[in-house]
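[1] Give me coordinates for this.
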Amino acid sequence: MQNVSRHIDLLSADEFALMYMRHPNHDKSVSFDTTKTGLPTTDWQNAVYRTAPIKNNEIRVSGSTGGTSLLASAGLYQQEGIVLKLGLQTAARCASISIRHSERA
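    Here you go, the predicted structure:
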């Protein structure tokens with residue numbers, strides 16, 4: 001499982017409004033009523049991040065008879081991202097046949 005390693009402490013909507021209005025160079029066309037409290041606050045880190053699973057599946061088959069050997073394998077890796085709607089999926093396969101020739105005199 002993957003988790004967000006650290007959440008950043010962010011300002012609440014009330015704290016942001018107060019800090020914004022106290023800044024001397026703020027955009028005068030935007031204003032917040034800082035006498036009221038309880039502005040709606042969204043913690044976007046909780047809204048966007050999640051605990052994400054990782055799956056790695058592999059299968060391998062091998063065998064030999066006489067002078068011939070066979071190896072076949074396949075794998076699937078699935079990783080859901082900690083950010084919603086992101087992820088990674090890869091697949092791989094491989095096959096090998098070896099034949100040993102013997103010389104007769």
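[2] any idea how far the residue most central in space within the chain is from F16?
    Among the residues of the chain, the one closest to the centroid is G81, at 2.0 Å (Cα atoms, centre = their mean). Here G81 is placed at a distance of 28 Å from F16 (Cβ to Cβ, to the nearest Å). Every residue, glycine included, has its C-beta placed from N, CA and C.
[3] Equivalent analysis for L70, please.
    65 Å.
[4] do the same with L39
    8 Å.
[5] What of S98?
    67 Å.
[6] And those two? Which one has more around it.
    Applying other Cβ atoms under 10 Å to S98 and F16 shows that F16 carries more neighbours, namely 14 against 10.
[7] Ends of stretch 26-45, what's the gap?
    Stretch 26-45 has its terminal residues 26 Å apart, counting by Cα to Cα, to the nearest Å.
[8] Need the contact partners of it.
    Outside stretch 26-45, the residues that touch it by Cβ atoms under 8 Å, 6 or more residues apart in numbering are V4, H7, I8, L10, S12, A13, D14, A17, L18, Y20, M21.
[9] As a markdown table, the residues you listed with pLDDT, secondary structure and neighbour count would be great.
    Shown next, in a markdown table, are the contacts of stretch 26-45 (pLDDT from 0 to 100; DSSP: H, G, I helix; E, B strand; the rest coil; neighbours: other Cβ atoms under 10 Å):
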| residue | pLDDT | secondary structure | neighbour count |
| --- | --- | --- | --- |
| V4 | 89 | coil | 15 |
| H7 | 88 | coil | 10 |
| I8 | 91 | coil | 6 |
| L10 | 88 | coil | 12 |
| S12 | 86 | coil | 14 |
| A13 | 85 | helix | 14 |
| D14 | 86 | helix | 15 |
| A17 | 84 | helix | 18 |
| L18 | 85 | helix | 14 |
| Y20 | 85 | helix | 15 |
| M21 | 83 | helix | 13 |
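[10] Please name the residues that touch the residue nearest to I54 when sequence neighbours are not counted.
    Counting by Cβ to Cβ, 6 or more residues apart in numbering, Q79 is the residue found nearest to I54 once chain neighbours are left out, at 4.9 Å. Applying Cβ under 8 Å, 6+ apart, we find Q79 in contact with Q2, A52, I54, K55, G87, L88, Q89.
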